[in-house]
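Colleague: A structural model of the following input is requested.
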Amino acid sequence: MPDIGHLVGELASWLDGTFTIDNIRVFLNSAFVVGAIGSAAGAVGGAFAAQRVIERSKKRDDLTKELRNVNVAVSLAFDISQTVLSLKKQELVELLRTYDADREAALELNRKIRAHEPVDNVFSFRAHMHTLPARRVPADPLRKVAYEGISITGRPLSLVTMILQSAADLDDSIERRNRMIQTFQAKFPEGGNGKFAELYFGIPSQDGHVNTEYPDVMRAISTYSDDTIFFASLLCKDLHEYGVALSKKYQKQFGKPVIRIQEVDFTKVRAENLMPAESEYEDYLKSFRKLPESKQAGGKRDGGN
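Modeller: Below is the predicted model of the structure:
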């Protein structure tokens, strides 16, 4: 790099002379000025190149981290679906089937009695008086990774909210039923009677009063368990699509990513009739239109939001 003392000498020599265009031209074309300009340009260019390398490296790291977070979110959504599917298969399917059948028969019997119609058979039922196990799902980890670690918008982001709400409502409904079962056991230790049947099935009493708290909570358990399963399975699908689009973005800029996006298969669940019917969620599904692939990873919020 040219010496600063040389610059002072050059400048003093120039000032001592006549202030002319020729002198200015001579000064600007001097070896020192040319070297100084070249050195400055080289320094600026080097700094710019270094900054680009840093920015490119950060972008690669950010995409890698997001790809990893997508897989974490898929795993969490799958775990949530499996937790509730296990509850449904082991506890809810038979419980809800027999309860609904017994309640329908009890309501029909009550109708006939009130209408003074002949009753053919004596109605009997076996009440399910066992409490349901509390099965907590990884709601907080899913909330954190989805809201802070992935740039999802539109339906996937909405699904996270729906899962969190449905799972919380399911937990609350199970706790309410368990408290009611404990109350039944305390009030009717010898088994069912007319008053118990009224509360258990929501049958109108002789004075016309109807308490549907227990059938309502049974319906809520059925609804919220199906909602959690459906929304969690759909989120697995949407996250896989988002991750694939993100992988293509990574590959276009940096080459093939080392992280492979997970894909979940619910074929067996559907074969066992444990997956809620998609037709039950038509209104929700119609709220969101399909994003072009180019906008799936990092596009604008969709679905009227």
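
Colleague: now do the contacts for residue 230.
Modeller: By CB atoms under 8 Å, 6 or more residues apart in numbering, the residues touching residue 230 are 275-276, 278, 280-281. In short, each C-beta sits where N, CA and C put it, glycine included.

Colleague: do that again at 10 Å, thanks
Modeller: By CB atoms under 10 Å, 6 or more residues apart in numbering, the residues touching residue 230 are 81, 84, 159, 162-163, 166, 275-278, 280-281, 284.

Colleague: neighbour count, pLDDT and secondary structure added to those, as JSON lines?
Modeller: Output for the contacts of residue 230, formatted as JSON lines (neighbours: other CB atoms under 10 Å; pLDDT from 0 to 100; DSSP: H, G, I helix; E, B strand; the rest coil):
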{"residue": "81", "neighbour count": "26", "pLDDT": "97", "secondary structure": "helix"}
{"residue": "84", "neighbour count": "26", "pLDDT": "97", "secondary structure": "helix"}
{"residue": "159", "neighbour count": "25", "pLDDT": "97", "secondary structure": "helix"}
{"residue": "162", "neighbour count": "20", "pLDDT": "97", "secondary structure": "helix"}
{"residue": "163", "neighbour count": "28", "pLDDT": "97", "secondary structure": "helix"}
{"residue": "166", "neighbour count": "23", "pLDDT": "97", "secondary structure": "helix"}
{"residue": "275", "neighbour count": "19", "pLDDT": "97", "secondary structure": "coil"}
{"residue": "276", "neighbour count": "20", "pLDDT": "96", "secondary structure": "coil"}
{"residue": "277", "neighbour count": "11", "pLDDT": "95", "secondary structure": "coil"}
{"residue": "278", "neighbour count": "11", "pLDDT": "94", "secondary structure": "helix"}
{"residue": "280", "neighbour count": "12", "pLDDT": "95", "secondary structure": "helix"}
{"residue": "281", "neighbour count": "16", "pLDDT": "96", "secondary structure": "helix"}
{"residue": "284", "neighbour count": "18", "pLDDT": "94", "secondary structure": "helix"}
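
Colleague: wait, which of these is closest to residue 113?
Modeller: When the contacts of residue 230 are ranked by distance to residue 113 (CB to CB), residue 280 comes first, at 34.3 Å.

Colleague: thinking again about what came up before, quick one: which of the contacts of residue 230 is nearest residue 96?
Modeller: Nearest to residue 96 among these, with distances taken as CB to CB, is residue 276, at 12.9 Å.

Colleague: so that closest one touches residue 282, yeah?
Modeller: No: in this structure, residue 276 is not within contact of residue 282 by CB atoms under 10 Å, at 12.0 Å.
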